[in-house]
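In: Attaching a predicted model along with its sequence, questions to come.
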Amino acid sequence: MQIKSENFKMVGKLGVVVLGMFCFGYALVPIYKAICEMTGINVLALGDRQIPGATARLPANTQVDLSRTITVEFDANSRGPWHFKPAENSLQVHPGELTTVMYEFQNVQNRTMSAQAIPSYAPAQAAAHFNKLECFCFNQYTLAPGEKKQWPVAFVIDPKLSRDVNTITLSYTFFEVGGKTPAAPVASRAAAVAGQDKRAGA
């Protein structure tokens, strides 16, 4: 009888321990959230408290310079019998902001052709700060007779670009591969002339 009594006491103690562990585990989540909110370690918990029902959001891109606006003009030059143009003539962007513009192309010939685009920039100093993440100018393309295509250009302007630059012209010359290499686009020639005039004035 004494042994059974001791067994019952041991089972009772173990039951209390199990119950205590369960309660502690159940209370651990709210305790963790309270500590995180006090210390500011858990940004997600802080955001949920400030905006009830809000889902997790990525932090804002602090590299975007909202104090500046740059006008980017898009130009298209064709060296052959085809249609080539940007979907938009210009956009206003902030330095550091990811922007995408589409270019449209159609092979209006009755034969298959392969072509590629060459980019240029004005002013010339913008070239080092115009970072293209995706561009159709990276590859050559083969298009069937009458085939239409739309290609994206995804870019970011480096915030280190001089504050004197308020407008950038991105110009593409689209030419048939295997043909004569095209002349520099108007944007490049204008930038070169401007540079020569500046040096002459100096």
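Out: The structure has been received and is ready for your questions. If you're wondering where the values come from, they're calculated on a predicted model, not measured in any experiment.

In: so who does Ile70 touch?
Out: By C-beta atoms under 8 Å, 6 or more residues apart in numbering, the contact set of Ile70 is 92-95, 157, 161, 165-168. Heads up, the C-betas are built off the backbone N, CA and C, glycines and all.

In: are any of those buried, and which?
Out: Buried members of the contacts of Ile70, counted by 16 or more other C-beta atoms under 10 Å: 93-95, 157, 161, 168.

In: Which of the residues you listed lies at the shortest distance from Pro81?
Out: Ile168 (29.5 Å; C-beta to C-beta).

In: Who are the contact partners of that closest one?
Out: Counted by C-beta under 8 Å, 6+ apart, Ile168 has contacts 70-73, 121-123, 126, 130, 157.

In: So which of these belong to strands?
Out: When those are checked against strands (DSSP state E), the matches are 70-73, 121-122, 130, 157.

In: any idea which of the residues you listed is closest to Gly146?
Out: Glu73 (29.5 Å).

In: who's the closest one bridged to?
Out: As for beta bridges, Glu73 partners with Ser90, Thr169 under DSSP bridges.

In: give me every residue that touches it.
Out: The contact partners of Glu73, by C-beta under 8 Å, 6+ apart, come to 89-90, 167-170.

In: what do you get for Leu66?
Out: His94 are the contacts of Leu66 under C-beta under 8 Å, 6+ apart.

In: State whether it is indeed within a helix.
Out: No: Leu66 is assigned coil when assessed by DSSP: H, G, I helix; E, B strand; the rest coil, not a helix.

In: in what helix or strand does Thr100 lie?
Out: strand 99-106 (DSSP states H and E).
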